[in-house]
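Colleague: Model the following, please.
(one chain, ligands or ions: 2)
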Amino acid sequence: MRQSHLFTKTRKDAPKDEVAKNAQLLIRGGFIHKEMAGAYSYLPLGLRVFKRIEQVIREEMNAIGGQEIILTALQNPELWEKSGRWKDDAIDVWFKPNLKNGAEVGLAPTHEEPLTALMSEYVQSYKDLPKYVYQFQTKFRNELRAKSGIMRTREFVMKDLYSFSRNEGEFRQFYEACAEAYMKIFARVGLGEKTFRTFASGGSFSKFSDEFQTICESGEDIIYLHRGKGVAVNKEVYGDDVLAELGLKKDELTEEKAIEVGNIFPLGTRFSDALGLTFKDEKGKDTAVIMGSYGIGPGRLMGTIAEVLSDDKGLVWPKDVSPYQVHIVAISGGNSDVSAEADRLYDILKENGIDALYDDRDVRAGEKFADADLLGIPTRLVVSERTVAEGGIEVSMRAGRGSALVPDSSIIEHLKKK
Ligand code: ATP
Ligand code: MG
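Modeller: Numbering: from 1, shown residues only. Ligands and ions are numbered 1, 2, ... in the order given. The predicted model follows:
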């Protein structure tokens, strides 16, 4: 992509009412646009990052047997009345618009009810289970506070997977497989070292659920972390009894602020009972399906990466989620030989399947470097009068120091190793 063609531009300042660092940086870089508090649009660079995060999650969900679908956002109140969750005191973040005839519909804040009802059309026998179904789908939540940029919005995409199992053992096996898949996801998007499986409150079917919390000063949650064991306890369940049960000692834990990037939850038969999702077991007996739900917000994850990995110059994308693999910065100073060399490099990268953003704009070198720092693409290739004279390309890393002059002839090989 030629940067001169990109319709977005970088800007020096974030909107005055934007308090969250993630949104400030992403807006300044032209990754997102703020529509209003708690509502952001994704622009070309931001959408690329978002899609790459989504793809990492998709690969790991497919690897544990997930089947992808998309359910509707519009919700039939009847289903939610069956589970007792249509009431605003059961779910306090509902959006409930009206149809032309006056009837209410819901904008889905989550999807247990419709998917459980849908599955009852396909699940009859023990032979139809287990099944694992997920989606990347837009949720609507009328959140009270929306001050954390794209980490807490009123409209957001969630990856939500639901598991349907025959018994507790089968359920637990998948639950653990999903917890492992989550840790792989967080490692792949660059948050592995700061993200910890965290005991949190469960529900009527399980004492605990598990959150995945990323240590960060701007986090809204408080957790107590055992670094050695790599586990944490959310403040909401932290107490002497729970610590004793988990074999954790108070003085070995540190209090940390953290962001909940994912959440997995045993549901037992809460929804299968309410919506009539049963199967005939081997003896022909009707049995309720055991369920679990598994959420990750790709937008919150993107915001967390922006919060945790950025520096005072701007964003720093890990390789697996960067909008482009490399950033070509042409410093031509009006010298057409330099522009021609940079054009040639851009074409060669394209031919070799290396995705590049190419800063071909007619602006000062200082501005180009500042923008490249703000955009945060991991590898930078500078083409200037000096590099052309020396027959090479200056390669540097956004997250590192120094640079190296790589000869023209070996640039592809050099980049493919990265
Ligand atoms: P929180 O406790 O932060 O309000 P939650 O417990 O309600 O979140 P879940 O319903 O478990 O969240 O949602 C699963 C995942 O969806 C969360 O772990 C988070 O990554 C993401 N998510 C939840 N709410 C939002 C939101 N308002 N904006 C963006 N992402 C969100
Ligand atoms: Mg939560």
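
Colleague: Give me the contact list for stretch 366-374.
Modeller: Contact with stretch 366-374 is made by 10, 25, 28-29, 313-315, 327, 329, 331, 359, 361, 380, 398, as judged by C-beta atoms under 8 Å, 6 or more residues apart in numbering. All C-beta spots, glycine's among them, are computed from the backbone N, C-alpha and C.

Colleague: ugh, typo on my part, it should be stretch 114-128
Modeller: By C-beta under 8 Å, 6+ apart, stretch 114-128 touches 71-72, 75-76, 79, 108, 129, 131, 133, 162, 164, 166, 271-272, 274-282, 289, 291.

Colleague: Of these, which belong to strands?
Modeller: Under the assignment DSSP state E, these contribute 75, 131, 133, 162, 164, 278-280, 291 to strands.

Colleague: Any of those residues buried? List them.
Modeller: 75, 131, 133, 162, 164, 278-279, 291 (16 or more other C-beta atoms under 10 Å).

Colleague: among those, which are in reach of ligand 1?
Modeller: Residues of these in contact with ligand 1 (C-beta under 6 Å from any ligand atom): none.

Colleague: Let's have those residues in CSV, adding pLDDT.
Modeller: Shown next, in CSV, are these (pLDDT from 0 to 100):
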residue, pLDDT
Q75, 98
K131, 98
V133, 98
Y162, 98
F164, 98
T278, 98
F279, 98
M291, 98
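
Colleague: and G299, what does it touch?
Modeller: Taking C-beta under 8 Å, 6+ apart, we find G299 in contact with 40, 50, 150-151, 153, 156-157.

Colleague: and with 7 Å instead?
Modeller: Contact analysis of G299 by C-beta atoms under 7 Å, 6 or more residues apart in numbering lists 50, 150, 153, 156-157.

Colleague: just to revisit the earlier point, taking the ones in strands among the contacts of stretch 114-128 together, which two end up most distant?
Modeller: Pairwise distances among the ones in strands among the contacts of stretch 114-128 were taken by C-beta to C-beta; the largest, 29.4 Å, belongs to Q75 and K280.

Colleague: coming back round to it: nearest to M1, out of the contacts of G299: which one, please.
Modeller: Checking the contacts of G299 one by one against M1 (C-beta to C-beta), the nearest turns out to be F50, at 16.2 Å.

Colleague: which secondary structure element contains the closest one?
Modeller: Using DSSP states H and E, the element containing F50 is helix 44-63.

Colleague: near ligand 1, which residues of the protein show up?
Modeller: Taking C-beta under 6 Å from any ligand atom, the part of the chain that reaches ligand 1 is made up of 110, 141, 143, 152-153, 156, 158, 260-263, 295-297, 299-300.

Colleague: residues contacting the most centrally placed residue in the chain?
Modeller: Nearest residue to the geometric centre of the chain (C-alpha atoms, centre = their mean): P298, 2.3 Å. Counting by C-beta under 7 Å, 6+ apart, P298 touches 50, 53-54, 57, 157, 159.

Colleague: quick revisit: what's next to the helix holding F50, contact-wise?
Modeller: For helix 44-63, contacts defined as C-beta under 7 Å, 6+ apart pick out 6, 8, 26, 29-32, 42, 68, 134, 136, 159, 161, 181, 184-185, 188-189, 296, 298-299, 301-302, 317, 320-321, 323.

Colleague: What residues of that helix count as buried?
Modeller: By neighbour count on 16+ other C-beta under 10 Å, the buried set for helix 44-63 is 45-46, 48-50, 52-54, 56-58, 60-61.

Colleague: again, but for stretch 230-241
Modeller: 231-234, 237-238.

Colleague: Then stretch 336-345?
Modeller: Neighbour-count burial for stretch 336-345, counted by 16+ other C-beta under 10 Å, picks out 338-339, 341-343, 345.

Colleague: Please narrow those to those residing in helices.
Modeller: Judged by DSSP state H, the buried residues of stretch 336-345 include 338-339, 341-343, 345 as members of helices.

Colleague: and whichever helix or strand L25 is part of, what does it pack onto?
Modeller: Under the criterion of DSSP H and E, L25 resides in helix 21-28. When contacts are defined as 3 or more C-beta pairs under 7 Å, 6 or more residues apart in numbering; DSSP states H and E, helix 21-28 sits against strand 32-36, helix 298-309.

Colleague: The residue in the stretch 51-200 of the chain positioned nearest to ligand 1 and H226, how far apart?
Modeller: As assessed by C-beta to the nearest ligand atom, ligand 1 sits closest to F156 within the stretch 51-200 of the chain, at 3.8 Å. F156 sits at a distance of 31 Å from H226 (criterion: C-beta to C-beta, to the nearest Å).

Colleague: Compare these two (neighbour count), which wins?
Modeller: When F156 and H226 are compared for neighbours, F156 comes out ahead with 21 against 18, by other C-beta atoms under 10 Å.

Colleague: Name all residues that make contact with P318.
Modeller: Contacts of P318 by C-beta under 7 Å, 6+ apart are 189-190, 309.
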